[in-house]
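Student: here's my sequence, what's the structure:
(one chain, ligands or ions: 1)
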Amino acid sequence: MIIYKKTQEISDWLRIEAKNAKTIGFVPTMGALHEGHLSLIEVSKKENDLTVCSIFVNPTQFNNPSDFEKYPTTLENDIYLLEKAGCDILFLPQKDEIYPDGFLKKNYTLGYLENIFEGKYRPGHFQGVCMVVDRLLDIVSCHTLYLGRKDYQQCLVLQKMTNEFHPNVFIKTCETKRTENGLAMSSRNLRLNETERKTAEVLFKCLSQIKNEANHQSLDLLLNSASDEIVGAGFDIDYLAVTDEALIEITHLTKGEIYVVLVAATINNIRLIDNLIFTAL
Ligand code: PAF
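Tutor: Take a look at the predicted model:
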């Protein structure tokens with residue numbers, strides 16, 4: 001694996017050396033890599049001549065400074081895992097490479113997606129995500145961008161951003177990787193102690209109950225009882241909701257339509273999100 005730290009170097013390499021690569025797959029990350037990231041690398045490798053991964057903990061997407069400071073970094077292990085996964089190129093920029101002119105704000109038009117769910121609880125977060133991915137896509141000219149569905153709203157937001165600014169980039173979303181007991185893989189799980197990790201399994205359990213019962217029972221009742229269970233386990237809930245594919249909240253299901261049940265909850269200052277996608281019977 002070749003590691004580039006400079007924007008100019010990776011851009012030149014991709015333009016000159018990689019011109020024979022018919023397709024380039026790109027997996028942007030903030031490091032602290034886990035099986036979820038590695039599954040994106042694996043899919044990209046199957047589908048492309050070249051796979052590029054980036055590791056950059058993007059300050060502009062953290063609305064909470066302590067979340068940024070505490071964001072786990074495991075660089076040595078990340079490099080080891082990427083080598084093992086057969087990633088071709090790692091882009092490892094410093095802040096100045098990504099934001100050479102400081103944090104110049106470009107306003108991305110994200111519509112309602114900006115103010116609901118993650119947008120509501122993390123003001124400015126999606127502008128920061130768009131800012132960094134827009135810049136990364138200028139540097140790493142790829143054909144396909146690989147994203148994990150755990151960040152469902154991020155996938156919708158980045159689809160909107162790429163439609164406008166990188167219309168030739170195809171976005172492929174991949175399934176959430178989970179532990180044996182269903183906990184969604186996340187870099188933030190590294191901050192959970194053993195007890196909290198066990199407790200956090202309640203999120204998947206409750207999402208699964210709602211998904212499995214949604215066709216037979218009132219959504220309100222299901223959401224209320226899941227919410228009681230999650231709070232009872234020690235979490236503070238930001239949101240727990242059932243929505244359509246576009247993240248519009250719904251009150252009843254229509255046969256054959258696709259829905260998302262999603263949650264964000266915090267335990268001991270560690271905020272976790274998860275979702276399940278299902279089709280109404
Ligand atoms: O999902 C993430 O890890 C980040 O939001 C991303 C897409 C790498 C942008 O910093």
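Student: which bits of the stretch 51-200 of the chain sit near the ligand?
Tutor: Within the stretch 51-200 of the chain, the positions adjacent to the ligand are 58, 61, 129, 132, 133, 151, 154 by CB under 6 Å from any ligand atom. Quick note: C-beta positions are derived from backbone N, CA and C, even for glycine.
Student: show residues contacting the lowest-mean-pLDDT helix or strand in the chain.
Tutor: Lowest on mean pLDDT, DSSP states H and E among the helices and strands of the chain sits helix 65-69, with a mean of 90. Outside of helix 65-69, the residues within contact range by CB atoms under 8 Å, 6 or more residues apart in numbering are 57, 59, 62, 269, 271.
Student: and what of stretch 8-27?
Tutor: Against stretch 8-27 from outside (CB under 8 Å, 6+ apart): 2, 4, 37, 40-41, 43-45, 47-54, 87, 89, 91, 136-137, 139-146.
Student: how about a markdown table for the residues of the stretch 51-200 of the chain next to the ligand, with pLDDT and neighbour count added?
Tutor: Below are these laid out as a markdown table (pLDDT from 0 to 100; neighbours: other CB atoms under 10 Å):
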| residue | pLDDT | neighbour count |
| --- | --- | --- |
| 58 | 97 | 21 |
| 61 | 96 | 21 |
| 129 | 98 | 24 |
| 132 | 98 | 20 |
| 133 | 98 | 25 |
| 151 | 98 | 20 |
| 154 | 98 | 22 |
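Student: dump those residues into JSON lines; add secondary structure as well.
Tutor: Formatted as JSON lines, those follow (DSSP: H, G, I helix; E, B strand; the rest coil):
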{"residue": "58", "secondary structure": "coil"}
{"residue": "61", "secondary structure": "helix"}
{"residue": "129", "secondary structure": "helix"}
{"residue": "132", "secondary structure": "helix"}
{"residue": "133", "secondary structure": "helix"}
{"residue": "151", "secondary structure": "helix"}
{"residue": "154", "secondary structure": "helix"}
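Student: any chance of these in CSV, with distance to residue 262 too?
Tutor: Below are those laid out as CSV (distance: CB to CB, whole Å):
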residue, distance to residue 262
58, 22
61, 19
129, 17
132, 23
133, 21
151, 10
154, 12
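Student: for the residue nearest to residue 175 when sequence neighbours are not counted, the count of nearby residues, please.
Tutor: Leaving aside its sequence neighbours, residue 175 sits nearest to residue 149 (CB to CB, 6 or more residues apart in numbering; 6.0 Å). Neighbourhood size, residue 149 [other CB atoms under 10 Å]: 18.
Student: which residues does residue 149 contact?
Tutor: 155, 173, 174, 175, 176, 275, 277.
Student: which positions within the least confident helix or strand of the chain qualify as buried?
Tutor: residue 67 (16 or more other CB atoms under 10 Å).
Student: CA-only coordinates of it, as CSV, when you get a sec.
Tutor: Output of helix 65-69 as CSV, limited to C-alpha atoms (Å, rounded to 0.1, in the frame of the first residue of the first chain):
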residue,chain,number,x,y,z
PRO,A,65,-15.4,19.8,20.9
SER,A,66,-15.0,17.1,23.5
ASP,A,67,-16.3,14.4,21.0
PHE,A,68,-13.6,15.6,18.6
GLU,A,69,-10.8,15.5,21.3
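Student: buried ones among the contacts of stretch 8-27?
Tutor: 4, 37, 40-41, 43-45, 48, 50-54, 87, 89, 91, 136-137, 139-146.
Student: could you list which of the residues you listed belong to strands?
Tutor: In this view, the buried ones among the contacts of stretch 8-27 that belong to strands under DSSP state E are 4, 50, 51, 52, 53, 54, 89, 91, 144, 145, 146.
Student: and the two most separated of those?
Tutor: 4 and 144 (19.6 Å; CB to CB).
Student: which parts of stretch 23-31 are buried?
Tutor: Result for stretch 23-31 [16+ other CB under 10 Å]: buried residues 24, 25, 26, 27, 28, 29, 30, 31.
Student: ugh, wrong one, I meant stretch 86-95
Tutor: For stretch 86-95, by 16+ other CB under 10 Å, it's 87, 88, 89, 90, 91, 92, 93.
Student: per-residue confidence at the first one?
Tutor: To tie it back to what came earlier, the one meant is residue 87. pLDDT recorded at residue 87 is 98.
Student: quick one, phi psi at it?
Tutor: Here the main-chain torsion angles of residue 87 (degrees, to the nearest 10) amount to phi -60, psi 140.
Student: thanks a lot, catch you later.
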